[in-house]
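Asker: Here is my input, please return the structure:
(chains A, B, C, D and E, ligands or ions: 4)
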Amino acid sequence: MADPLLELTNVSTHFHSPAGRVRAVDGVSFSLKAGQTLGLVGESGSGKSVLARTIMGLLPSYAEIPEGSAISFDGHNLLTLDRKARRAISGPGIGMIFQDPMTSLNPVMKIGQQVYEGMRHHFGTSKRAGRERAIELLTEVGIPQPDVRVDQFPHQLSGGMRQRVAIAIALACEPKLLIADEPTTALDVTVQAGILDLLQREQRDRGMTMILITHDLGVVAGRCDNVAVMYAGGIVETGTTLSLFARTRMRYTQALLDSIPRLDRPPHERLQSIGGRPPNLIDPPAGCRFAPRCAHRNAHCDTDIPPITADEQDPSHRFACWNPRDPDAEASDKATGDAA
Amino acid sequence: MADPTTNRPLHPARPTLSRFRRMRPITGKSGQFGFAFWLPLGWLLLITFCAIFAPWIGIQDPDSLDFINLQSEPNDAHLLGTDHLGRDVLARVIYGARVSLVVGFCAPVVGMLLGLPIGMIAGYFGGRIDGLIVGSIDTFLAVPGLVLLLLFSLIFGGSLLVVTVSLGLLFIPIFARISRAATLSFNSSEFVLAARTIGAGDFNILVRELLPNVVLPVLAFGLVAVASAIVVEGALSFLGLSVPAPHPSWGGMIAGGREHLEESPHISIFPAIVMFLTVLSFNLVGDTLRSRFADVREAAI
Amino acid sequence: MRYVLKRVRRLVVVIFAVTLFTFLLVNVLPGDVAYDIAGQDASEEEVQAIRADLGLDRPVMIRYVEWLGDFVQGDWGRSFRTDESVAEAIWSRFPVSLELMLVAQVFALILAVPFGIFAAYRAGRTVDRTIATAGFMSLSVPSFMAAIILILVVSLNLGWLPTSEYEPLSAGLWANLRAFILPALAIALSEWVVLMRVLRADLIGVLQQDYISLARAKGLPVWHVILRHALKPASFSMITILGLQIGTLVGGSIIIESIFALPGVGRLLINAIYARDFIVVQGVVVFIAFAYVLVNFIVDLLYAVLDPRIRTERSDG
Amino acid sequence: MSDILLDVRDLVVEFPTRKGLVQAVSGVTFQLNRGETLALVGESGCGKSTTARAVMQLPRPTSGSIVLDGDDLVAAGKRDLRRLRRKFQMIFQNPIASLNPRKRISDVIEKPLKIAGELDAAKRRTAVMELLETVGLDPAVAMDKRPHEFSGGQCQRISIARALILEPDLLICDEPVSALDVSIQAQILNLLEDMKQRYDLTMLFISHDLAVVRNVADRVAVMYLGRFCEVGRSEELFDSPAHPYTRALLSAIPVPDPTVKPKPIEMIQGDLPSPISPPSGCRFRTRCPLATDRCTSEVPEMRGLPDGRAVACHHPLIGT
Amino acid sequence: HAGSHSAARDGGTLTVGVETDARGFDAVKGGVLGVSAGTVSLAVHDTLLKYNENTKQFEPNLATSWVAAEDNKSWTIKLRTDVKFHDGTAFTAKDVADHFSRILDPANKSRSRSFITAITGVEALDDHTVRFNLAHPWLPLLGNLAAPSMIGLIPSSANVAADKQNREPIGTGPYVFKNWAGGDRITITKNPNYWKKGAAHVDEIVFRILPDTQARFASLRSGEIDLIWTDRGGSIQDAQKDPKLVTVVRDGKGAVITFINASKPPLDDARVRQAMAHAWNQTAILKVTWKDTRPFAEHPLGTESTCDAGYRHYDPAKAKALLADYGKPVKINMIHTTTPRGREFGEIYQQLLKQVGIELELIPVDQNTLVKKVFTNDYMISGWRIADADDVGPQTFALSYSKSSYNLSRLKSPEMDKAAFAMRTAADPATRKKYHCDLMRMVNDQGNMQYRGGNRYYAFHGTNTHNISIDGLGVVRVSGAWKDQ
Ligand SMILES: Nc1ncnc2c1ncn2[C@@H]1O[C@H](COP(=O)(O)OP(=O)(O)OP(=O)(O)O)[C@@H](O)[C@H]1O
Ligand SMILES: Nc1ncnc2c1ncn2[C@@H]1O[C@H](COP(=O)(O)OP(=O)(O)OP(=O)(O)O)[C@@H](O)[C@H]1O
Ligand SMILES: [Mg+2]
Ligand SMILES: [Mg+2]
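Answerer: Ligands and ions are numbered 1, 2, ... in the order given. Model prediction:
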């Protein structure tokens, strides 16, 4: 498995809005090997969904992908394919799950049909076979009474159930890559774990490659091979999950981790907060985009964009920071916290 | 079976709303008002100017007859020709604009002044009051508008005041519906709740919190309402039920020229064109402003 | 079921309110049917005699209660003027109005749906703006003006279609339909715009929904996504409006029916109003109100058929 | 002066809906000591907001008593209630929606003063400015702007200012940070903590995020389908949950540490039952791994545990 | 057209475009028969006599002979014996007596009664002889027996008794009533058993109700309908120019008039009324409103009548002089209908009066209200008409006689009463005419009625339609029509 299944090179996505050009995604590069799971984390508005939609080819007409961007999937450059060939990839090639299960199913179409529709289109499956397959899939994603549910409408299901249906829909065409855009954000914690487990199981069983988008570092920590942290349209740090959490280099990632209240901390502990707010993507800061909020910035940070640097110990761990954190030096005080 | 009441979005303001919906661009229309706005606005200003200053801009007496020049084609003396009584069509079109504009502006105002509070009260208090108001509106709507206008104008006689007021009454349900819908949508919003938690009374909430929010979509509909008021006035005067003779009105002129459509089409055609352009202008200007200032769906109308 | 009952109760209340409302309104009309019956050459005594004969000299409320009693029993009265049974008069004219409305709405839909879809799909582009402008222009031609223009161009100049050739259905479908083309067009010319814009607005909303993205993520072609996934959930408001329009237009196309000489309910009404034949006015207005409320009711039920969310919620409860 | 600021007993809130009566809160009893923060956690739809709003008397509860500092709010007339309102205030989940988009910030914050009868405009203005300063906004810049010119975090600061201007005793926070980003959330949580110190606030804090609750709360109440399952001091409840539901909630929380693998303990199954026809007996029994026949027939009472906690369970996880 | 009878062809359908729907066909119930209903009725029913326009003589129809008694106070009429109603029953003297008795019975409140109050009774002497008894010598009787309106048309008394005459009339005429689709059309079919063989030709006549003149006219030109009538000047001019159309014209009696209410100051002053008469430019309104398709009227006796009625011609100078004599400014108002024609009349009158310094305010009302206001003396000026009749005497009498409730202009003078009475009871036509003319001269002098034009009726049909004529009152006789092809 030498060739990556998905490789993004310098991908940008800009929106034309009345106020100007929104650089929602700006120069993102990463690659993903078949069978791996990538966690894409970041604050709201950091461009995670736009990136996912860019890969999926679901951008609105007023979006623009500047020259020089390339997305290679399974040997095809997705950005240069014609529409028909591109459509042939959606479904069997890449499947997607959306954030809000309440809105991601067609309210006036039966569940079964929504599940087998893709198969019918791509593989010419007959209606009856499609229905059978839909029941199987619903069983697989853990929906009780699947034979009843196929003929029901989405509103008759609870949010968790609907997200399971959405997963079944995505799985129907046996995609090589599954993009799950915050699949549990809108769900209760009790339901969330079940959905994540299901995704993980399916991914493992099918040898699927997966991008799991979330804003919750806790979610990626337990379930992803690699993590990429996004901030203001760019990837600021990426690496294996272990390395990224253990040897956080980027100041932003660390600030994020520090600001989260944790169960293993005493009550009323003062939280580390990040001042300011995310930058305006129409007119982003000239240097490091995190610089205006960073406690460790220096003059360099404000004027020059930090290059992508590899971690000395683990070259696959890369980050973009002028003044990176030294994980070994700060390890001592972190250890005291962990011990508690 | 799952219970739909539990099926609501859980933590709605957390990233549930996709940016793709939140940040809908104002479909293509760029930040500037285009010529589809300025051109009609210019026309409206011209018409309004002519209507207001009609007696002083050197046009002829719209009522004086000329038994020699009956139905004459447009010429130097009569730019738009004369009608079947030898009256100057241009002068009558301009004086007719007075009627159309007065009715067009005032009727929606009447409708709004009455409809807005009614709708807000219904939306705010809900329950019985809402039921009563919605029921009355339903009843009112179930009687065709033109029939009401006909009856009103027969009862009170045709005069500018009667036409304006009765047309205004017809606008009540529309404005009431819009403001009711808007009130409902804001009523459960947290800022209203917040006002309650600090002990604000109903009146205070209605006037201070809700009104500024409700009035915008209602106003946005206003200009479109002007267009339709002009159309309905036209229909009324087409039936001879609007302003009394000899005052000219566009609909009346169109109706009057109908008999001479073949030999002298200009008698009907000119007022028709002017009316068309004016209504179109109000529609265009109104739509531009509406899409700029409020997102009311036509469905409410 | 409870829901249906509730709607029916509301329907009855509205109808009742309409009867009272119109009865009062019609009875304060100046003028007097008695003069109309008597004609210009009658003397005042004769007129008074006719009034007394018709019972017009009694208080309004008593007459209302009597009328209501008869009405409920199916006796809508007889025209003061022509002695025609009101119910019969309405029923014989109703098919004409209904057909006019249906043809008009079919025209409106034929224009509205494709243009609405197109405009929504290309929202903000030139096509959309062109359609919008065309719509506004169409909307700015009042139906009476459209009627005159259509007569002038299509009938008088081109001679393609008759101006007034109503034939009952018994005379053949085409002969019957022919007469409705121009009047229906005159009505549809402004109606389609309303439908188109509602459809467009809803469709734009729907097209931004995640489930449309999901459908596209399945690799389905655009037309499939629009027609199979987007159109249905986007058409509910349009259907409501369609229903409302049918409801209001059944009696509301007074001018068009007059111009095109269609013997419909609208013309019956306007003649009755002019003649102060208020028992007819009363009957027609109540009938129209009934049609309006009923159509709304049907649209509501139709909604339930189309929208599974409502359908199942009701069968649950 | 008693230590108990808020005393809620047998609170019941019902909503008539098209499909039947929803009992959103059915018999909730709790006390709030002065200066303490009580957190309310639970799944969506379990009645947290409804409880909070019932305390605010918006809408007035169906039955039960709510005594605030000696005044019974449920029994209070309309007038009295308005007078009492300055003692208890609330902030909401959606910071942007809780500010009237058409009003200026200064108007938003001074409105409570106006309603409370403070007539001197200059005094109001200084109060507003001071408070803006306190919540971390620059009064000179913020005063004349409108809400949409601020970010979510800033809007939440403004809401907090509005709630505090009358210097209430009790502050109810209904998910004040769930709409905010993690990076902003910490700012607001810190601010609330500061305000609590500064104004001697007693807080009722609602959240579905147990980690947040852990940080802010002195005591925690776990709610399920309109009832309380467990109430106790934060440390004890988090360290050794007594109710199976509390344990399930806790185990479901993902920990941002890749070395801690998600615990494979038994997850609760299924969905929240319909509040229109809740299960008989213990409401959690349909999803509880420990449910027995007793749970079906008998409603578990709130029982005190030795460590001061109370739990409503027939089979608590720690001995009585 | 009469000459071409030999070529008459049977069969086909005649489609007639009419302006208004009928109200009903019962002489008592339906009120006035408009031209539409009158036209239908005239094809379904027969009159006793027929007036020959060319010879100016009455001719037999259902009646075979008629003789007056010595004292001129009764007439005995013999009827045909071979006539059957459409329902198969035989036509007898009883039907005639019943018909007139019913109109005359005050309890029935027939609005036609006022025209024939001179008749004191009608009796059937035997099956086919009937006698009309009169209060005084009364010349207009024969005209009424020939009237193509409901007075002269004899219905089946059985049908009347069954109360079906109004909506399903039965007569003895050449056409049988078939169907009336309210608001749309009335259909009549040829009577196969008509007593006068060969009188009817087309199988069916359809009267289509097309209220819009433009539309009706367009349909005629496109051949969709065969026959229309109209009083719109523009259409008449167009039609007369159109070589594919045949025009049928007939002058009528009566007139379109304006009432000046003599009981309302300042109109109670004759000088004001007279000034208005001189300010009134009938020529202009004939040109503008009617496009000169109506005759100038100096009196309502008809164009053929030679009567010097002393008409006050258009003369603004005289008008101003009269007003100067009156001395006070004159501000008055006028009611008019909301129809285009009503408005136009008001607009013209307003401008004409303005020229002589009278300020006129216009009050639009609908037709029904206008009638009510005129009857209840709640008006100053209003349009009206003197309906056409073979003899308009009864109407002019009622309009002028001081005690008549129909004296709507409220001008009361003993001289006029005297002239009116003399006219009414005159036994020979010449005397009657002289008194009538005297009366009209007084009216013109007083200025309480002014003329807006006489009556002239037009009908148009395509060149393939034949034998259409206009009867008195503008009623079109369609029963003898036939078509080419
Ligand atoms: N359709 C659009 N038009 C204009 N700007 C957009 C559009 N969609 C997204 N953006 C902008 O792009 C940026 C990235 O948005 P995106 O939805 O990808 O964020 P996200 O990381 O998915 O956030 P969240 O956690 O809220 O889902 C935001 O600043 C947003 O305002
Ligand atoms: N106004 C209302 N009318 C009818 N039912 C209501 C109303 N408000 C709340 N409910 C119902 O009461 C129950 C509790 O709702 P509540 O909003 O208190 O839950 P919550 O715990 O705050 O949930 P969330 O975490 O989503 O805010 C729910 O089932 C809800 O459907
Ligand atoms: Mg997103
Ligand atoms: Mg809540």
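
Asker: Disregarding flanking residues, what is the spatial nearest neighbour of the residue of the stretch 51-200 of chain A found nearest ligand 2?
Answerer: Closest residue of the stretch 51-200 of chain A to ligand 2, C-beta to the nearest ligand atom: A:Asp188 (8.1 Å). In short, each C-beta sits where N, CA and C put it, glycine included. Nearest in space to A:Asp188, with sequence neighbours left out and distances taken as C-beta to C-beta, 6 or more residues apart in numbering or on different chains, is D:Glu43 at 4.6 Å.

Asker: Could you pull up the residues touching that neighbour?
Answerer: Going by C-beta atoms under 8 Å, 6 or more residues apart in numbering or on different chains, D:Glu43 touches A:Asp188, A:Val189, A:Thr190, D:His208, D:Tyr224, D:Leu272.

Asker: can you rerun that using 7 Å?
Answerer: A:Asp188, A:Thr190, D:Leu272 (C-beta atoms under 7 Å, 6 or more residues apart in numbering or on different chains).

Asker: Please indicate which of the residues you listed has the highest neighbour count?
Answerer: D:Leu272 (26 neighbours; other C-beta atoms under 10 Å in any protein chain shown).

Asker: Would you agree it is in contact with D:Gly45?
Answerer: Yes. If you go by C-beta atoms under 7 Å, D:Leu272 and D:Gly45 touch, sitting 5.8 Å apart.

Asker: ok so A:Asp283 is a strand residue?
Answerer: No. Membership of A:Asp283 in a strand is not supported by DSSP: H, G, I helix; E, B strand; the rest coil, which gives coil.

Asker: neighbours around it, how many?
Answerer: A:Asp283 has 12 neighbouring residues, counting by other C-beta under 10 Å.

Asker: Enumerate every residue touching the closest residue in space to E:Gly183 that isn't next to it in sequence.
Answerer: Distances taken as C-beta to C-beta, 6+ apart put C:Pro263 closest to E:Gly183, at 3.6 Å, once the chain neighbours are dropped. Counting by C-beta under 7 Å, 6+ apart, C:Pro263 touches C:Arg93, C:Val96, C:Tyr166, E:Ala181, E:Gly183, E:Asp184, E:Ile209.

Asker: ok, and the most crowded of these?
Answerer: Counting by other C-beta under 10 Å, top hit in those: C:Tyr166 with 28 neighbours.

Asker: list the buried ones in the helix or strand E:Val16 falls within?
Answerer: E:Val16 belongs to strand E:13-18 when assigned by DSSP states H and E. Neighbour-count burial for strand E:13-18, with 16 or more other C-beta atoms under 10 Å in any protein chain shown as criterion, is recorded at E:Leu14, E:Thr15, E:Val16, E:Gly17, E:Val18.

Asker: May I have the beta-bridge partners of the one residue sitting closest to the centre of chain D?
Answerer: Geometric centre of chain D, nearest residue: D:Ile206, 2.8 Å, by C-alpha atoms, centre = their mean. Applying DSSP bridges to D:Ile206 gives these bridge partners: D:Leu40, D:Asp174.

Asker: how far away is D:His315 from D:Phe284?
Answerer: Separation of D:His315 from D:Phe284 (C-beta to C-beta, to the nearest Å): 11 Å.

Asker: Quick check: the residue of the stretch 151-300 of chain A nearest chain E.
Answerer: Taking C-beta to the nearest C-beta, chain E has its nearest neighbour within the stretch 151-300 of chain A at A:Phe153, 48.1 Å off.

Asker: Skipping its backbone neighbours, what lies nearest that residue in space?
Answerer: Closest to A:Phe153 by C-beta to C-beta, 6+ apart is C:Pro308, at 4.0 Å.

Asker: Just want the phi and psi numbers for the closest residue to chain B within the stretch 101-250 of chain C.
Answerer: Per C-beta to the nearest C-beta, C:Gly124 is where the stretch 101-250 of chain C lies closest to chain B, at 2.4 Å. Dihedral pair for C:Gly124: phi 90, psi -10, per degrees, to the nearest 10.

Asker: what about it, neighbour count?
Answerer: As a burial measure, C:Gly124 scores 18 neighbours (other C-beta under 10 Å).

Asker: ditto for the one 3 residues further on
Answerer: Burial measure for C:Val127: 14 neighbouring residues, criterion other C-beta under 10 Å.

Asker: Am I right that it is in contact with C:Phe118?
Answerer: Yes. Between C:Val127 and C:Phe118 there is a contact under C-beta under 7 Å: 6.1 Å.

Asker: low-scoring stretches of chain D, by residue?
Answerer: Along chain D, the parts satisfying pLDDT under 70 run over D:1-2, D:261-268, D:319-320.

Asker: what does it put close to chain B?
Answerer: D:17, D:22, D:44-45, D:56, D:58, D:82, D:85, D:89-90, D:92-94, D:97-102, D:111-112, D:115, D:162, D:178-179, D:208, D:271-272, D:274-276 (C-beta under 7 Å from any C-beta of the partner chain).

Asker: Helices of the stretch 1-150 of chain E, start to end?
Answerer: E:35-44, E:93-104, E:140-145 (DSSP state H, counting those that start in this stretch).

Asker: What strand or helix carries residue 268?
Answerer: The chain I'm using is chain A. Going by DSSP H and E, A:His268 is not part of any helix or strand.

Asker: actually chain B
Answerer: In the assignment (DSSP H and E), B:Ser268 maps to helix B:266-293.

Asker: Is that helix in proximity to chain A?
Answerer: No. Helix B:266-293 does not reach chain A (C-beta under 7 Å from any C-beta); its nearest approach is 10.6 Å.

Asker: which other helices and strands contact that helix?
Answerer: When contacts are defined as 3 or more C-beta pairs under 7 Å, 6 or more residues apart in numbering or on different chains; DSSP states H and E, helix B:266-293 sits against helix B:35-52, helix B:89-125, helix B:211-238, helix B:250-257, helix C:126-139.

Asker: packing partners for the first one?
Answerer: Helices and strands in packing contact with helix B:35-52 are listed as helix B:89-125, helix B:266-293; criterion 3+ C-beta pairs under 7 Å, 6+ apart.

Asker: Count residues in the vicinity of the closest residue to C:Glu45 other than its chain neighbours, would you?
Answerer: Nearest residue to C:Glu45 in three dimensions, chain neighbours excluded: E:Ser405, at 6.0 Å (C-beta to C-beta, 6+ apart). Close neighbours of E:Ser405, defined as other C-beta under 10 Å, add up to 15.

Asker: element containing B:Asp138?
Answerer: helix B:127-142.

Asker: Can you give me the buried ones in that helix?
Answerer: B:Asp130, B:Ile133, B:Val134, B:Ser136, B:Ile137, B:Asp138, B:Thr139, B:Phe140, B:Leu141, B:Ala142.

Asker: And those residues, which is closest to B:Asp63?
Answerer: Ranked by distance to B:Asp63 (C-beta to C-beta), those are led by B:Phe140 at 37.3 Å.

Asker: returning to that earlier point: winner for burial among the helices and strands packed on helix B:266-293?
Answerer: Mean neighbour count (mean count of other C-beta atoms under 10 Å in any protein chain shown) peaks for helix B:250-257 among the helices and strands packed on helix B:266-293, with a mean of 27.

Asker: From the contact counts, what lies against that helix?
Answerer: Helices and strands touching helix B:250-257, by 3+ C-beta pairs under 7 Å, 6+ apart, are helix B:89-125, helix B:211-238, helix B:266-293.
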